[in-house]
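here's a sequence, model it:
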Amino acid sequence: MSMNSIIEELKKNINAFEKQVAVEEVGAVLEVGDGIARLSGLEKCQASEMLEFPGNTFGVALNLEEETVGAVILGDYSHIKEGDVVKRTGRILSVPVGDELIGRVVNPLGVPKDGGAAFTSKKFYPIEKIAPGVMTREPVNQPVQTGIKAIDAMIPIGRGQRELIIGDRQTGKTAVAIDTIINQKGQDMICVYVAIGQKESKVARIVAKLKETGAMDYTIVVSAGSSDPAALLYIAPYAGVAMAEYFMDKGKDVLVIYDDLSKQAWAYREISLLLRRPPGREAFPGDVFYLHSRLLERACRRNQESGGGSITALPIIETQAGDISAYIPTNVISITDGQIFLESDLFFRGIRPALNVGISVSRVGSSAQIKPMKKVAGKMKLNMAQFREMEAFAQFASDLDPETKKQIDLGQRLVEVLKQPQYQPVPVANQVAIIYAINNGYANDVAVKEIRAWEEKFHEFLAAKKRALLDKIGAGNWDEAVEKELKEALDEFKK
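As a prediction, the model looks like this:
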């Protein structure tokens, strides 16, 4: 190569040279401890912005004060020390979303916890988002079949509804939620189960059961364990609903379970007190109502012009000694469209699910039921509530008038039929058939303790000989001809 050509090449390179300056806004850690860091120098930092700490650790800016920024650290903070450099990422806290999350167990940041491959997701959704407006929504009128007779008959849940599951610890709240997930098989529903502050062993058992029943094929599990930092427990439900919104945006129906929001409120209280936000009632910060309302308002059913799809939310709240008038329970009751109240006394008496019919309510009501269930279960809630009143009264009265005795007999049979083992959801057509049979006196000659066995045989009979009838009922058909067919089936079974 001649000297001239070298000089030409150098001139060309010099002319083509562009000076590029990369500007990064950095700050310093003033103090760190208990998962909270106080930072200086981040003047343009945004609320809920992700901040990068040394060691590939991230945090979220929560308090934007005059001189400093208060951030919570997502993960281990033992290696972070005073004077460390913190960088702004310019990105509001987001989680990976996409079809590849289905069947996986992830933490609230979308990092796999099941030992599987990491995600290559190119799509991220912010965990905080404004809920769809009133004009983009449509009425809730399609059922979410839980497979639990007591709920589907008396406290129906619709697609796009928010139904609270509330009760003391160990009353079967999670069991109701897991049975509902198992029953979504073949119902074209994606499920997201968010475990907040649960023991890892409990989450592992739930995942194993979902795999065994084939429910993991349409389920995402987001787990923030009891040993995880409070910051992860606080963001877990928002991460779960962001993952659900991806599917809703594609026009799909999604079921999200938050198990449980009491633990999220406790984690948020811990973070708030460490950030020195002023405490209010029961030491919770003033915005604890907003914490849950902005989460649950994101559950809705969107109209077709807005893309369709729905998110149904089943938040779980744990009460102390059945006190539903405590601060967090009353907050969430006022945000949701009804509640399923599980009672310890009923649970210990062997009535499972331990549903208190008097306090439980669905504000969507029969609009979320198929026509056959509307017809057969209409008076059931009233009958059950009356039975509970009479049952207490009947313990003291020796001779009862025939009408009261009839009511108590019916109530006892209904209670027996509504008992249901865990992990055994019942298809809606079978529910309609058995409730019709009990309400119309077909089991009056069966001893109360024999009802469950009688019901089992009846279901076997229907499955073997009346499959077409079950298909009609399941498809929502109910008229005189279908009712006549069901009566004939019951007569045939009785013989």
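
please count neighbours and contacts with C-alpha atoms only from this point.
Fine.

pull up the per-residue confidence for A397.
pLDDT recorded at A397 is 62.

from now on call the first residue 838
Okay, using 838 as the starting number, the last item reads as A1234.

list phi and psi for L1237.
Dihedral angles of L1237 (phi, psi; degrees, to the nearest 10) stand at phi -110, psi 150.

quick check: closest non-adjacent residue to it.
For L1237, ignoring the flanking residues on the chain, the nearest one in space by C-alpha to C-alpha, 6 or more residues apart in numbering is A1231 at 7.6 Å.

ok, the one you found to N1267 distance?
Per C-alpha to C-alpha, to the nearest Å, A1231 is found 32 Å from N1267.

who has more neighbours out of these two?
Neighbour totals were compared for A1231 and N1267, and N1267 leads with 21 against 16 (other C-alpha atoms under 10 Å).

I'd like the next helix or strand past the strand or helix carrying that one.
Here N1267 sits within helix 1265-1276, counting by DSSP states H and E. Later in the chain than helix 1265-1276, the nearest helix or strand by DSSP H and E is helix 1288-1302.

circling back: what angle do helix 1288-1302 and the helix holding N1267 make with each other?
Following axes from the mean of the first three to the mean of the last three C-alpha atoms, to 10 degrees, one obtains 130 degrees for the angle between helix 1265-1276 and helix 1288-1302.

now helix 1265-1276: average pLDDT?
94.

now do stretch 1135-1143
96.

C-alpha coordinates for it, CSV please?
Only the C-alpha atoms of stretch 1135-1143 are listed here, as CSV (Å, rounded to 0.1, in the frame of the first residue of the first chain):
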residue,chain,number,x,y,z
ARG,A,1135,-57.8,-3.4,36.2
ALA,A,1136,-60.1,-6.4,36.2
CYS,A,1137,-62.9,-5.8,33.7
ARG,A,1138,-64.7,-7.1,30.6
ARG,A,1139,-63.9,-4.9,27.6
ASN,A,1140,-66.3,-4.3,24.7
GLN,A,1141,-65.5,-5.5,21.2
GLU,A,1142,-64.6,-2.0,19.9
SER,A,1143,-61.8,-1.9,22.6
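
that stretch: which residues count as buried?
R1135, A1136, C1137, R1138, R1139, N1140 (16 or more other C-alpha atoms under 10 Å).

any weak-confidence spans in the stretch 838-987 of the chain?
Applying pLDDT under 70 to the stretch 838-987 of the chain flags residues 838, 857-859.

and the longest helix seen in the chain, what's buried?
Determined from DSSP state H, the single longest helix within the chain is helix 1067-1086. Using 16+ other C-alpha under 10 Å as the test for burial, helix 1067-1086 gives 1067-1085.

just the mean pLDDT for that helix, thanks.
Averaging pLDDT along helix 1067-1086 yields 97.

using PDB, write down the CA coordinates of it.
The C-alpha coordinates for helix 1067-1086 follow below in PDB (Å, rounded to 0.1, in the frame of the first residue of the first chain):
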ATOM      1  CA  ALA A1067     -41.000  -6.900  51.100                       C
ATOM      2  CA  ALA A1068     -40.500  -5.000  47.800                       C
ATOM      3  CA  LEU A1069     -41.100  -8.200  45.800                       C
ATOM      4  CA  LEU A1070     -44.300  -9.000  47.800                       C
ATOM      5  CA  TYR A1071     -45.500  -5.500  47.100                       C
ATOM      6  CA  ILE A1072     -45.100  -5.600  43.300                       C
ATOM      7  CA  ALA A1073     -46.100  -9.300  42.900                       C
ATOM      8  CA  PRO A1074     -49.900  -8.600  42.200                       C
ATOM      9  CA  TYR A1075     -49.100  -5.800  39.800                       C
ATOM     10  CA  ALA A1076     -46.700  -8.100  37.900                       C
ATOM     11  CA  GLY A1077     -49.400 -10.800  37.700                       C
ATOM     12  CA  VAL A1078     -52.100  -8.400  36.400                       C
ATOM     13  CA  ALA A1079     -49.600  -7.000  33.800                       C
ATOM     14  CA  MET A1080     -49.000 -10.500  32.500                       C
ATOM     15  CA  ALA A1081     -52.700 -11.000  32.400                       C
ATOM     16  CA  GLU A1082     -53.300  -7.700  30.400                       C
ATOM     17  CA  TYR A1083     -51.100  -9.000  27.600                       C
ATOM     18  CA  PHE A1084     -53.600 -11.800  27.000                       C
ATOM     19  CA  MET A1085     -56.600  -9.500  27.500                       C
ATOM     20  CA  ASP A1086     -55.100  -7.200  24.800                       C
END
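
any idea which helix or strand comes after it?
Following helix 1067-1086 in sequence order, the next helix or strand is strand 1090-1096 (DSSP H and E).

tell me the strands beside that following strand, with direction?
strand 1026-1035 (parallel), strand 1147-1155 (parallel) (DSSP bridges).

can you list contacts of the shortest one?
Right, the one you point to is strand 1147-1155. By C-alpha atoms under 8 Å, 6 or more residues apart in numbering, the residues outside strand 1147-1155 that reach it are 995-1006, 1010-1011, 1014, 1081-1082, 1085, 1088-1099, 1133, 1135-1139, 1166.

could you check the angle helix 1067-1086 makes with it?
Interaxial angle, strand 1147-1155 versus helix 1067-1086 (the same axes, to 10 degrees): 150 degrees.

now strand 1147-1155: average pLDDT?
If you average the pLDDT over strand 1147-1155, you get 98.

and for the helix or strand following that strand, what are the contacting residues?
As assigned by DSSP H and E, the chain's next helix or strand after strand 1147-1155 is helix 1164-1172. By C-alpha under 8 Å, 6+ apart, the residues outside helix 1164-1172 that reach it are 1001, 1003, 1099, 1102, 1118-1119, 1126, 1129-1130, 1133, 1154-1156, 1161, 1176.

and of those residues, the nearest to V866?
Lowest distance from V866 to the contacts of helix 1164-1172 (C-alpha to C-alpha) belongs to A1102, with 27.2 Å.

so the closest one sits right up against A1068, yeah?
No. With contact defined as C-alpha atoms under 8 Å, A1102 does not count as touching A1068 (11.2 Å).

all the helices of the stretch 1188-1332 of the chain, in order from the start?
1208-1214, 1217-1231, 1239-1255, 1265-1276, 1288-1302, 1304-1311, 1317-1331 (DSSP state H, counting those that start in this stretch).

and the shortest one, what other elements does it pack with?
Just to be clear, that refers to helix 1208-1214. The elements that helix 1208-1214 packs onto, with contact taken as 3 or more C-alpha pairs under 8 Å, 6 or more residues apart in numbering; DSSP states H and E, are helix 986-991, helix 1265-1276.

show me what contacts N1193?
For N1193, the contact set (C-alpha under 8 Å, 6+ apart) comprises I1177, F1178, L1179, E1180, L1183.

for I1177, same thing?
Contacts for I1177 (C-alpha under 8 Å, 6+ apart) come out as I992, E1000, L1001, I1002, I1003, L1192, N1193, I1196, S1197, V1198.

ok, the last one to I1170 distance?
From V1198 across to I1170, the span is 11 Å (C-alpha to C-alpha).

what is in contact with those two at once?
Joint contacts of V1198 and I1170 (C-alpha under 8 Å, 6+ apart) are Q1176.

V932 should be in a strand, yeah?
Yes. When DSSP: H, G, I helix; E, B strand; the rest coil is applied, V932 is found to be in a strand.

report pLDDT for the spatially most central residue of the chain.
For the chain, I1094 is the residue whose C-alpha lies nearest the centre (C-alpha atoms, centre = their mean; 1.2 Å). Note on I1094: pLDDT of 98.

how about the one 5 residues further on?
Per-residue pLDDT puts S1099 at 97.

hmm, back to that, narrow the contacts of N1193 to just the buried residues.
The neighbour-count test (16+ other C-alpha under 10 Å) marks I1177, F1178, L1179, E1180 as buried among those.
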